[in-house]
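> Got a predicted structure here, sequence first:
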Amino acid sequence: MEEIDISPRILVVDDEARMCTSIKRLLVPEGYRVETSTRAPEALRLVDSRRFDVFLLDLFMPVMDGFGILDHIHRQDPGAPVVMITGSASVETAVKALKSGAYDYLIKPVEPRELLRTLGHALEKRALMRENRNIQERLEASERKFRFLVQNSPDLIYTLDHRGRFTFVNSGFEKLLGYPCRELIGKTYETIVFQEDREKARWLFNERRTKERATHGAELRLAFAQDAAKFRQCEVQHLTIELKATGVYSRAAATPFGRFLGTHGVARDVSYRKYLEYQLRQAQKMEAIGTLAGGIAHDFNNLLMGIQGYTSLMLAGLEPNHPHYAKLQSIEDHVQSGSRLTRQLLGFAREGKFEVRVVDLRALLEKSAGMFARTKKELRLRTQIQPDTWPVEADAGQIQQVLLNLLVNAWQSMPGGGEIFLQTRNITLMGDAAEGKRLKPGPYIEISVTDTGLGMSEELRQRIFEPFFTTKERGRGTGLGLASSYGIVINHGGTIEVLSQPGAGSTFMVFLPATRKPLNLEPAAPPGVPGGRETVLLVDDEESVIAATAGMLRRLGYHVLTARSGEEAVAALGEHRGRIDIVILDLVMPAMDGAKTCQAIKSIEPGVRVLLSSGYNLADAGGEGIPAGVDGFIQKPFDIRQLSQKLHHILRAPGAQTG
């Protein structure tokens, strides 16, 4: 079968043969079929005998100029795109060419890129014109196709008249916004535009520009129909759309574009995409703030460690009736208050979990809710905790802290009293549902805390998880409750979502990954303050921590060696090989950190016990990010009782070999 050449046909008319040859050499490699003529009579015969897609005419030629040839072309082929080319440019000739019906006007020497771009646009115009001429022949089939595609499109498709009134809307307006299509016809576009975006919509929704200058990818907010109840349940009262719109003009030649007839446009719902972008921005912001908070808390815990250590030593040497005993206990209380503050910071900073085990979440929630309800008699706490609530792998103390923070927040939002609803449900998140919450697919427990309080604005809602941000009066709160709750939940592989409107209360929804592992019994803490005779290598880069901890260890009866860096620790282990029973190792040190030091220690003495210590919150031995071979973890600041019990547990564990 003979192939049909559908390459665009171009006629170049110029009395300079070199110009014709130059243009032909440029266009043929670009896929054009080019014919040339240097004389007007020959050009007219070609126009009469052959079909061309675009014409390139020299403006000034002997016998007949470009205007005469242009007129002849349009008598034979109305609307054919003609591009005028001349070396004698003036405003008058350019205006005359355009008024005579030329598609465009180029000045010699012609830039190849400009010529190719102009031809491309001219061919687009030609294709549109031919399509318009054939539209009547295909009207019935086109109408059915148009109706099906447009009415079943997930996008909003519309046309406006020159006054901005709807002349057509597809069914998406009713599906997405709740407006019956027939009721919108004849109404202006402002009917559906969100109040605050109406000024912006004047230049976008009712677009008057065409081609490259038309609206492309602009964002606007559209309002839901007031009587559409199902849409009023949304958290926000508008739909965010991405708009593409262009002006429509008549063929009249009064202006370069013709008379403005109206606008046609397509609007895509991007609310879900905007939600994902917001979630990502929030996560990035929280991560940055968390890094800063974690560093501050770590350094502060080291300071508290020195205070706590010396206080423990002084208390251990005093009788309870000593005049300074109560004062020292008060110092310990203040240290613990500071420690709780840094724990909240570290919880927000997502620096790990303390004691991870399988937790009976139902029992934990019931216990915490009962304790809270007994202290807040002015509130009514309603619970709906499913009996078959799945267990979770978590730090029970941290999850309890999250729940109490949410309950306290709900209580503070209801100064005149009210109701709090605590509910749980087992859910499985897959696909888009998991991706939308930035969670891994799988089973989750949803814990929701709903209050009937004051609610909050969108601006406030976006800041509630920032540390130290609070709406309370100065001295009434630190602003860390929700921030630490957010960090704890994220660190457990979950997330928190908030729904709220001013005057309509708030709902906090916590999602925690469920586990199929069996429940564990809580280990019993060893009683008393047991001591020992073993040799301890204490490694820390903070002099105050070394001094305070070494004093507590000696008070407990241990023989103490000290090192101020990882390198010193490795050297000490080699010097005292076989005589060191346990290493208390700081995790964060310059040059050679705790992880590298632990690896070096184990290569020298595989059997030596390692107790990791840090101002950060970290998982127990074997947890994520903890070097293999670590036997325990102790959080700074710790007192002499905590230190003695931790050492006793590790050194008396099965398999321990002590000197």
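Everything's here; your move.

> what's the spacing between Gly120 and Val83?
11 Å (C-beta to C-beta, to the nearest Å). In this view, the C-beta of every residue, glycine as well, is placed from N, C-alpha and C.

> okay, these two: which has more neighbours?
Val83 (22 against 13; other C-beta atoms under 10 Å).

> wait, doesn't the more buried one sit right on His121?
No: applying C-beta atoms under 8 Å, one finds Val83 not in contact with His121, separated by 9.7 Å.

> Return every residue with contacts to both of these two.
Among the neighbours of Val83, those also in contact with His121 (C-beta atoms under 8 Å, 6 or more residues apart in numbering) are Asp104.

> Tell me how many other residues surround Glu155.
Glu isn't right for residue 155; it's Asp. 17.

> How about the contacts made by it?
Gly172, Val266, Ala267, Arg268, Asp269.

> Next, the buried residues of the one helix or strand the third one maps to.
When you say that, I think you mean Ala267. Per DSSP states H and E: Ala267 is located in strand 260-269. By neighbour count with 16 or more other C-beta atoms under 10 Å, strand 260-269 contains the buried residues Gly262, Thr263, His264, Gly265, Val266, Ala267, Arg268, Asp269.

> likewise stretch 499-510?
Neighbour-count burial for stretch 499-510 [16+ other C-beta under 10 Å]: Leu499, Ser500, Gly505, Ser506, Thr507, Phe508, Met509, Val510.

> how about the CA coordinates for it, as PDB?
The C-alpha coordinates for stretch 499-510 follow below in PDB (Å, rounded to 0.1, in the frame of the first residue of the first chain):
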ATOM      1  CA  LEU A 499     -10.200  18.300  63.500                       C
ATOM      2  CA  SER A 500     -11.500  21.600  64.900                       C
ATOM      3  CA  GLN A 501     -13.600  24.700  64.200                       C
ATOM      4  CA  PRO A 502     -14.000  27.800  66.400                       C
ATOM      5  CA  GLY A 503     -16.900  27.200  68.700                       C
ATOM      6  CA  ALA A 504     -17.400  23.600  67.700                       C
ATOM      7  CA  GLY A 505     -14.900  21.700  69.800                       C
ATOM      8  CA  SER A 506     -11.900  19.600  68.800                       C
ATOM      9  CA  THR A 507     -11.200  16.000  68.000                       C
ATOM     10  CA  PHE A 508      -7.700  14.600  68.400                       C
ATOM     11  CA  MET A 509      -7.200  11.200  66.600                       C
ATOM     12  CA  VAL A 510      -4.100   9.100  67.500                       C
END
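
> Which residues does it contact?
235, 402, 406, 409-410, 413, 446-457, 461, 489, 494-498.

> Buried ones among these?
402, 406, 409-410, 413, 446-456, 461, 489, 494-496, 498.

> So which of those residues belong to helices?
Val402, Leu406, Asn409, Ala410, Arg461, Val489 (DSSP state H).

> Out of these, flag the one nearest to Met64.
Arg461 (74.0 Å; C-beta to C-beta).

> if I pick the closest one, what's in contact with it?
Val498, Ser500.

> Find the residue at the geometric middle of this protein.
Leu280 (1.3 Å; C-alpha atoms, centre = their mean).

> what's it in contact with, if anything?
Arg438.

> any idea how far Gly436 is from it?
In terms of C-beta to C-beta, Leu280 sits 11 Å off from Gly436.

> next structured bit after the lowest-mean-pLDDT helix or strand in the chain?
Least confident helix or strand of the chain, by mean pLDDT, DSSP states H and E, is helix 229-232 with a mean of 52. As assigned by DSSP H and E, the chain's next helix or strand after helix 229-232 is strand 238-249.

> Check the offset of that next one from the chain's centre.
Its chain's average C-alpha position is 25 Å from that of strand 238-249, according to C-alpha atoms, centre = their mean, to the nearest Å.

> Strand 260-269 and that one, what's the angle between them?
On the basis of axes from the mean of the first three to the mean of the last three C-alpha atoms, to 10 degrees, strand 238-249 is oriented at 150 degrees to strand 260-269.

> hey, C-alpha coordinates of strand 238-249 in PDB?
Extracted in PDB, the C-alpha atoms of strand 238-249 (Å, rounded to 0.1, in the frame of the first residue of the first chain):
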ATOM      1  CA  HIS A 238     -14.000  25.200  50.600                       C
ATOM      2  CA  LEU A 239     -12.500  23.100  47.800                       C
ATOM      3  CA  THR A 240      -9.100  23.900  46.500                       C
ATOM      4  CA  ILE A 241      -8.900  23.600  42.700                       C
ATOM      5  CA  GLU A 242      -6.200  24.000  40.100                       C
ATOM      6  CA  LEU A 243      -7.500  26.000  37.200                       C
ATOM      7  CA  LYS A 244      -6.900  26.100  33.500                       C
ATOM      8  CA  ALA A 245      -8.900  28.600  31.600                       C
ATOM      9  CA  THR A 246      -8.700  30.500  28.300                       C
ATOM     10  CA  GLY A 247     -10.700  33.200  26.500                       C
ATOM     11  CA  VAL A 248     -12.900  32.500  23.500                       C
ATOM     12  CA  TYR A 249     -13.200  35.100  20.700                       C
END
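
> can you list the residues that contact that strand?
156, 159, 176-177, 194, 204-211, 214-224, 257-271, 274.

> Please, a PyMOL command that selects the buried ones among these?
Per 16+ other C-beta under 10 Å, the buried members of those correspond to this PyMOL selection:
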select buried, resi 156+159+176+177+194+204+205+206+207+208+214+215+218+220+221+222+223+224+257+262+263+264+265+266+267+268+269+270+271
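
> any weak-confidence spans in the stretch 301-450 of the chain?
In the predicted model of the stretch 301-450 of the chain, residues 337, 339-355, 377 satisfy pLDDT under 70.
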